[in-house]
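# need a structure here:
(one chain, ligands or ions: 1)
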Amino acid sequence: MHHRIHLMEGAQCFDARPDESLLDAALRQDLHLAHECRLGSCGTCRIRLVEGTVFYEDFPVGLTSEEAQQGFALACQARAASDLVISPERRLPPCSAPARHVATVKAVQALAEDVLHLALELPPEAGLLYRAGQYVNILLPDGSHRSFSMASRPNPRSLEFHIRRVPQGRFTSEDAPRLQPGDTLLVELPLGGFCYHADDYRPLLMLATGTGLAPIKSILESLMDDEDCPPVRLYRGMRTEAELYLHEEILRWAERLCDFRYVPVLSRAGAQWKGRRGHVQQAVLEDIEDLSEYAIYMCGSAAMISDAKKALLARGASIDHVYADAFTFQSEAALA
Ligand SMILES: Cc1cc2nc3c(=O)[nH]c(=O)nc-3n(C[C@H](O)[C@H](O)[C@H](O)COP(=O)(O)OP(=O)(O)OC[C@H]3O[C@@H](n4cnc5c(N)ncnc54)[C@H](O)[C@@H]3O)c2cc1C
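Now for the predicted structure:
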């Protein structure tokens, strides 16, 4: 028993059994659908159901019930309940096909107590073209990988990363702090569908928590000195003042971005802090009455993205203009 799934664009088809997700079925038949976490949290695999119905074993956190009612589904969790016609959501600017390269460590330094700045260089023949917002997989000798988002304006050879130390984390706590200039790492890139959508020309509202700043920084650096840069509001969530790495540098972005506003929001600020307190999404709701005109980019933990998405949609944000990148844990992704 299987159902026939038609893709609106490209006139391609594949079959899906009721016991497999649409994404698994498509990949099994060598048909690529954009995807990322495979946990139903990041939203990259969102599709529009043009005809037919799907069901979920567990309703995914990355989809709101309003989105489901409007005919959206997450391909990594949805199963076909009938034949379907689906439309993959977003068309993306071009980038290189993912490939493996040996990268050389150029520098490792502390940005904050628990965040490292890692600079890598690719060999000249890599010929890399990636979109601001994409990520790399660092391949470890045991065959596992760890994902990190590029943190600077796209460059064919130089890559920068912000790596937060995860307690007991094998790569972030043990391997990364010991890296030295000249060491090599096997990497695979470019990966991921999170990126700037120039065709979605609207004021930009960006929410970043923790090292979720990295892909947002890459996007914003790619817009610097660009006269087509839309107005930008960046809400950045951290716990304490000490964690606000690159704070001074971000303040200076106002000189190179059009109409740039930066709002750091601390959830555990000390008594001296005169800025905003709480969570980023609360600060956005306090400041902006109607979110319907914004293109919204969010990056950070899956929990923040899920909460923020619900809150912002309830305040008028349009689901067609919300882009999110969830930093899921590799160990969870491996189990999915
Ligand atoms: C697409 C993508 C992009 C990412 N980009 C970045 C980035 O730019 N910067 C960055 O700092 N991180 C980023 N992450 C998260 C990063 O991949 C993980 O923090 C990293 O894999 C942890 O590896 P580890 O070997 O140190 O931990 P592991 O040894 O794999 O895990 C140790 C323990 O920590 C838990 N754990 C693992 N990761 C996390 C986490 N992120 N938060 C809390 N607990 C965790 C595990 O469940 C396990 O219990 C990204 C993740 C994804 C999916």
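# which stretches of this protein aren't confidently modelled?
Applying pLDDT under 70 to the chain flags the ranges 10, 89-91, 329-336.
# Look through it and tell me its longest strand.
In the chain, assigned by DSSP state E, the strand with the most residues is strand 99-112.
# in that strand, what's buried?
Neighbour-count burial for strand 99-112 flags H101, A103, T104, V105, V108, L111, A112 (criterion: 16 or more other Cβ atoms under 10 Å). Any C-beta I mention is one placed from the backbone N, CA and C, and that applies to glycine too.
# ok, now which ones touch the fifth one?
Listed by Cβ atoms under 8 Å, 6 or more residues apart in numbering, the contact set of V108 reads L116, H117, L118, A119, A176, P177, L179, Q180, P181.
# So R38 sits against C76, correct?
Yes. Assessed by Cβ atoms under 8 Å, R38 is found in contact with C76 at 4.8 Å.
# Looking at those two, which is more packed in?
Between R38 and C76, counted using other Cβ atoms under 10 Å, C76 has the larger neighbour count: 26 against 23.
# Name the helix or strand for the more buried one, please.
Using DSSP states H and E, C76 sits within no helix or strand.
# The residue lying closest to L186 once chain neighbours are set aside: neighbouring residues, count only.
The shortest distance from L186 to any non-neighbouring residue, by Cβ to Cβ, 6 or more residues apart in numbering, is to L139 (4.3 Å). Residues near L139, counting by other Cβ under 10 Å, number 15.
# Direction included, what does the helix or strand that the longest strand of the chain is followed by pair up with?
Sequence-wise, the next helix or strand downstream of strand 99-112 (DSSP H and E) is strand 115-121. When pairing is defined by DSSP bridges, strand 115-121 lines up against strand 99-112 (antiparallel), strand 158-164 (antiparallel).
# any chance of those strands in TSV, plus distance to S222?
Shown next, in TSV, are the strands paired with strand 115-121 (distance: least, Cβ to Cβ, whole Å):
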stretch	distance to S222
strand 99-112	20
strand 158-164	13
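# buried set for stretch 14-21?
By neighbour count on 16+ other Cβ under 10 Å, the buried set for stretch 14-21 is F14, A16, E20, S21.
# Over to stretch 130-150?
By 16+ other Cβ under 10 Å, the buried positions in stretch 130-150 come out as 130-138, 145-150.
# Could you do stretch 55-75 as well?
Residues P60, V61, G62, L63, T64, E67, A68, F72, A73, L74, A75 are the ones in stretch 55-75 that count as buried (16+ other Cβ under 10 Å).
# Which ones among the buried residues of stretch 14-21 lie within strands?
Secondary structure from DSSP E places F14, A16 of the buried residues of stretch 14-21 in strands.
# out of the buried residues of stretch 14-21, who's nearest R261?
Among these, S21 lies closest to R261 (Cβ to Cβ), at 39.8 Å.
# what sits against the closest one?
With contacts defined as Cβ under 8 Å, 6+ apart, S21 is in contact with A75, C76, Q77, A78, R79.
# switch the cut-off to 6 Å
Residues counted as contacts of S21 (Cβ atoms under 6 Å, 6 or more residues apart in numbering) are C76, Q77.
# Report the separation between it and E57.
In this view, S21 and E57 are 9 Å apart by Cβ to Cβ, to the nearest Å.
# Point me to the residue of the stretch 101-250 of the chain nearest the ligand.
Per Cβ to the nearest ligand atom, G169 is where the stretch 101-250 of the chain lies closest to the ligand, at 2.2 Å.
# Number of residues surrounding that residue?
When neighbours are defined as other Cβ under 10 Å, G169 has 17 of them.
# Now do the contacts for Q12.
Per Cβ under 6 Å, 6+ apart, neighbours of Q12: none.
# what about S301, distance to L251?
From S301 across to L251, the span is 25 Å (Cβ to Cβ).
# More neighbours: those two, which one.
Neighbours per residue (other Cβ under 10 Å) separate S301 from L251, with S301 holding more: 17 against 12.
# which parts of the longest helix that the chain contains are buried?
In the chain, with assignment by DSSP state H, the single longest helix is helix 302-314. For helix 302-314, the neighbour count (16+ other Cβ under 10 Å) marks A302, M304, I305, S306, D307, A308, K309, A311, L312, L313 as buried.
# which one of those is nearest E51?
L313 (24.5 Å).
# Name the nearest residue to P264, ignoring sequence neighbours.
Among residues not flanking P264 along the chain, R236 sits closest, at 5.0 Å (Cβ to Cβ, 6+ apart).
# Cool, thanks, talk later.
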